[in-house]
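# Need a 3D model of the following:
(chains A and B, ligands or ions: 3)
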Amino acid sequence: MKHIMTINKANLKESAVKGGCGNCQASCQSACKTSCTVANQKCERDEK
Amino acid sequence: MIHKYELNGLYIVLDVNSGGVHIVDKLTYDLLDYAVPPFATECPQEILDKLGGTYDIDELKECYEEIAELYEEKILFSPDEYEKFAKFTTASPVKSMCLHISHDCNLRCQYCFASTGDFGTGRKLMPLEIGKKAIDFLLENSGNRKNLELDFFGGEPLMNFGVVKEIVAYGREREKEYGKTFRFTITTNGTMLNDDSIDFINREMSNVVLSIDGRKEVNDRMRPTAGGKGTYDVILPKFKKLVDGRSKDKDWYVRGTFTKYNLDFSEDVFSLYEAGFDQISVEPVVCDAKYPYALTEEDLPAISAEYEKLAQRLLAQDKAGKHFNFFHFMIDLNQGPCAVKRLRGCGCGNEYVAITPDGDIYPCHQFVGMEEYKMGNLEEGTFNREMQADFAKAHIYNKPNCRECWARFYCSGGCNANNYQYMGDILKSHTLSCEFEKKRVECAIMIQAVKSLERNEAE
Ligand code: SF4
Ligand code: SF4
Ligand code: SF4
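Ligands and ions are numbered 1, 2, ... in the order given. Predicted structure coming up:
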């Protein structure tokens, strides 16, 4: 494409299908303890 | 839904529901004001009329087709299909806990939400018995979750470090029976660290959060001892020692708070870097507007500009080979958490709870002391499952602002405790925090956009 460059996989929808296992860290347990950005957490699902 | 913004000379378009991130030219950026679904096979005349004065007609037509193509691929204007996952969000296993090991503190940080350590409920240290019960509670209530998280929090946890050690030992012993693993973490103000505690923390704690605000004068103003002395010179060498002795597979952060007194907080971030730390988190203070250091609407332009400046400085820093992590700008656009996690949010009161020295259970560390949100007590063996189910429903689709917010899958619905404290309802977004959050997300994504352009150039 000439005008638009997509820089990622845009795979949120896929992620929902196998998601929700709950293995990952609760967000307030990471660094901030006051507000929440879930997008910077790591996914820790057993099988990907 | 899309969100577009210009930052650092880039035009960036986010497709909210697919997570797609696009870098576009100015023409596309402007065209997206008019080109929305449903798409025609050719760019409609009225759009050409509107933009034909500025742009070449053939280019507009071509660009329109590109937009329509991405729409077909469902990475632009893609639909929100996740609400069905939210419908099933019921109470989940409790697998994460904040242990208020000490409701006492030797510092008098002005902005402390624990009101000088005791959360307004009197100075107290957690007895070992309560700590053990907390471990048991997690083991018994965590269902099939293997990783259990337990954060030692305060007040200042080092004021009760003997009990911390014993709880860790007890947890390590009991986790085997259940085939689970505890991940211990700790947050400390650093003043009482010594070789022994540093050793222990580096051996047993998977993450450690070291509280320091940045520049000496900023830190010492807000984080004095009970006797009114500055703490910077005491804690800095201790933090250095701890960090230098930490193995690579374990996390740590220096973590500061910025207030109205240091709206130029990028200086504090860099001061921490210069002092030898490369894992940095510096967060806006959230407090009642009556305090002189409170951040208010009027600070928003300055704070936004400062986040932008910080992002640019970080990029320059990276280029010079001096990389460091700023917590809220860390984002992996390909392998972040699943959509289900994102719509559920922080998990407080559901998979995450906080325990006071008396064994009282609260939805999270920031709810501690709010009597109306007490969920139970470890000694009495009570736990309010109804309240847990309510918190399970505190997902983005039940928060009116979040439902419509472009940042919902990055932010995930903000802080329920702040919502309750300042807006009177856990489902009502604390709008000032939202503005900060949206700016951070924009900056974080811009950084990734610049990096991907650089990678492309290198190839
Ligand atoms: S571990 Fe990954 S898949 Fe599982 S809930 Fe967390 S983000 Fe989703
Ligand atoms: S920024 Fe505010 S409105 Fe948007 S998702 Fe976060 S809390 Fe909700
Ligand atoms: S309510 Fe706020 S402080 Fe509590 S866990 Fe959620 S984001 Fe963290």
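
# Find the helix or strand that residue B:256 is a member of.
Assessed by DSSP states H and E, residue B:256 sits inside strand B:251-258.

# I'd like the average pLDDT over that strand.
What strand B:251-258 shows for mean pLDDT is 95.

# which stretches of chain A form helices?
Using DSSP state H, the helices found in chain A span residues A:12-18.

# in it, what residue is nearest ligand 3?
The nearest approach of chain A to ligand 3 comes at residue A:28, 3.3 Å away (CB to the nearest ligand atom). Where C-beta positions appear, they are placed from N, C-alpha and C, glycine not excepted.

# Contacts made by stretch B:128-148 with the rest, please.
A:22-23, A:25, A:44, B:92-97, B:99, B:101, B:150, B:163, B:166-167, B:170-171, B:174-175, B:177-183, B:355, B:357-359, B:378-379, B:383 (CB atoms under 8 Å, 6 or more residues apart in numbering or on different chains).

# Generate a PyMOL selection restricted to the buried entries among the residues you listed.
If you want just the buried ones from these in PyMOL, going by 16 or more other CB atoms under 10 Å in any protein chain shown, the selection is:
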select buried, (chain A and resi 22+23+25) or (chain B and resi 92+93+94+95+96+97+99+101+150+163+167+170+171+174+175+180+182+183+355+357+358+359+378+383)
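
# follow-up on the earlier one: ok, now how distant is the residue of chain A closest to ligand 3 from residue B:364?
Per CB to CB, to the nearest Å, residue A:28 is found 6 Å from residue B:364.

# ok, now residue B:22?
Using CB to CB, one obtains 36 Å as the distance from residue B:22 to residue B:364.

# Please enumerate the strands of the stretch 251-400 of chain B.
B:251-258, B:279-284, B:325-326, B:352-355, B:360-362, B:376-377, B:382-383 (DSSP state E, counting those that start in this stretch).

# which one of those lies closest to residue B:224?
strand B:251-258 (14.0 Å; CB to CB).

# Could you list the low-pLDDT ranges of chain A?
Across chain A, the ranges flagged by pLDDT under 70 are A:31-32, A:34-36, A:47-48.

# just chain B next, same as before
B:114-117.

# centroid residue for it?
Closest residue to the average C-alpha location of chain B: residue B:328 at 6.6 Å, with CA atoms, centre = their mean.

# do you know how far residue A:18 is from residue B:21?
If you measure residue A:18 against residue B:21 using CB to CB, the figure is 22 Å.

# of these two, who's got more company?
Counting neighbours by other CB atoms under 10 Å in any protein chain shown for residue A:18 and for residue B:21 shows that residue B:21 has the greater number, 24 against 12.

# next helix or strand past the host helix or strand of that one?
Element membership of residue B:21, judged by DSSP H and E, is strand B:20-24. Downstream of strand B:20-24, the next assigned helix or strand under DSSP H and E is helix B:26-31.

# For that next one, name the packing helices and strands.
strand B:10-15, helix B:45-51, helix B:57-72 (3 or more CB pairs under 8 Å, 6 or more residues apart in numbering or on different chains; DSSP states H and E).

# From what I see, residue B:27 and residue B:60 are in contact.
Yes. Between residue B:27 and residue B:60 there is a contact at 7.0 Å, judged by CB atoms under 8 Å.

# Need the nearest residue in space to residue B:98, chain neighbours excluded.
For residue B:98, the nearest residue in space outside its immediate sequence neighbours is residue B:354; the separation is 4.1 Å by CB to CB, 6 or more residues apart in numbering or on different chains.

# Can you name the residues bridging to the one you found?
Counting by DSSP bridges, residue B:354 is bridged to residue B:98, residue B:362.

# Verify the stated contact: it with residue B:369.
No. Contact criterion CB under 8 Å: residue B:354 and residue B:369 do not qualify, at 10.1 Å.

# Which of the two has more residues huddled nearby?
Counted by other CB under 10 Å, residue B:354 and residue B:369 do not tie: residue B:354 has more neighbours, with 26 against 19.

# check contacts around that one.
Counting by CB under 8 Å, 6+ apart, residue B:354 has contacts B:97, B:98, B:99, B:100, B:153, B:361, B:362, B:363, B:364, B:365, B:367, B:368.

# ok, how many other residues are close to residue A:16?
Residue A:16: 19 surrounding residues under other CB under 10 Å.

# typo on my end, it should be residue B:297
Residue B:297 - counted by other CB under 10 Å - has 10 other residues nearby.

# Might one say that it is in contact with residue B:434?
No. Taking contacts as CB under 8 Å, residue B:297 lies outside contact range of residue B:434: 11.8 Å.

# so which residue of chain A comes closest to chain B?
Closest residue of chain A to chain B, CB to the nearest CB: residue A:19 (2.7 Å).

# out of everything not next to it in sequence, what's closest to that residue?
Nearest to residue A:19 is residue B:338, by CB to CB, 6+ apart, at 2.7 Å.

# buried subset of the contacts of residue B:354?
Buried among the contacts of residue B:354 (16+ other CB under 10 Å): B:97, B:98, B:99, B:100, B:153, B:361, B:362, B:363, B:364, B:365, B:367, B:368.

# what sits against residue 8?
Since no chain was named, I'll use chain A. B:19, B:20, B:21, B:333, B:334, B:448, B:452.

# wrong one, I was asking about chain B
So residue B:8 contacts B:308, B:311, B:312, B:315, B:446, B:450 (CB under 8 Å, 6+ apart).

# returning to what we had before: give me the common contacts of residue B:27 and residue B:60.
Counting by CB under 8 Å, 6+ apart, the residues touching both residue B:27 and residue B:60 are residue B:51.

# Neighbour count: these two, which is higher?
residue B:60 (24 against 19).

# okay if I get the buried ones among the contacts of residue B:354 as JSON lines plus distance to residue B:220?
Formatted as JSON lines, the buried ones among the contacts of residue B:354 follow (distance: CB to CB, whole Å):
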{"residue": "B:97", "distance to residue B:220": "33"}
{"residue": "B:98", "distance to residue B:220": "28"}
{"residue": "B:99", "distance to residue B:220": "29"}
{"residue": "B:100", "distance to residue B:220": "26"}
{"residue": "B:153", "distance to residue B:220": "23"}
{"residue": "B:361", "distance to residue B:220": "36"}
{"residue": "B:362", "distance to residue B:220": "32"}
{"residue": "B:363", "distance to residue B:220": "34"}
{"residue": "B:364", "distance to residue B:220": "29"}
{"residue": "B:365", "distance to residue B:220": "25"}
{"residue": "B:367", "distance to residue B:220": "30"}
{"residue": "B:368", "distance to residue B:220": "27"}
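
# Thanks a lot, catch you later.
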